[in-house]
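Asker: Whatever this is, show me its structure:
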Amino acid sequence: MGVNPLNGFTGAVDLTCAVAPVVSNGPVCTISPASVTLDGINTALATADIATVKGKIKTPPGTFTLTFTGTGNTVSHFATATFVVK
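Answerer: Purely as a prediction, here's the structure:
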């Protein structure tokens, strides 16, 4: 994903990802790196990984909402995406 500096913001932005609804053996979302540093001009990149298998257990079919949040200097912005497991 790309993290763009808003209004020339510089500094660290902490990144998180949440999955809803929470279900037994549901998908797990992680972001790497968990924090990026913006220089006020350029887009910083991070990768979201959505795991649907834990060992031999698979996530049940369903539609999930992924919420990606970036927090820098006590201000948060978020984006959502739909994730479908068939």
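
Asker: Which helix or strand contains Val13?
Answerer: In this structure, Val13 is located in strand 10-20 according to DSSP states H and E.

Asker: Can you name the element that comes right after the helix or strand of the chain with the lowest mean pLDDT?
Answerer: Of all the helices and strands that make up the chain, the one with the lowest confidence by mean pLDDT, DSSP states H and E is strand 53-54; it has a mean of 88. Scanning forward in sequence from strand 53-54, with DSSP H and E defining helices and strands, the next element found is strand 57-58.

Asker: The helix or strand that that next one is followed by - contacts with which helices or strands?
Answerer: Sequence-wise, the next helix or strand downstream of strand 57-58 (DSSP H and E) is strand 62-72. Based on contacts counted as 3 or more Cβ pairs under 8 Å, 6 or more residues apart in numbering; DSSP states H and E, the elements that strand 62-72 packs against are strand 10-20, strand 47-51, strand 75-85. Glycine gets a C-beta too; all of them are placed from N, C-alpha and C.

Asker: how far away is the residue of the chain most remote from its centre from Cys17?
Answerer: With Cα atoms, centre = their mean as the measure, the chain has its most outlying C-alpha, relative to the mean C-alpha position, at Lys56: 24.6 Å. With distances defined as Cβ to Cβ, to the nearest Å, the gap from Lys56 to Cys17 amounts to 24 Å.
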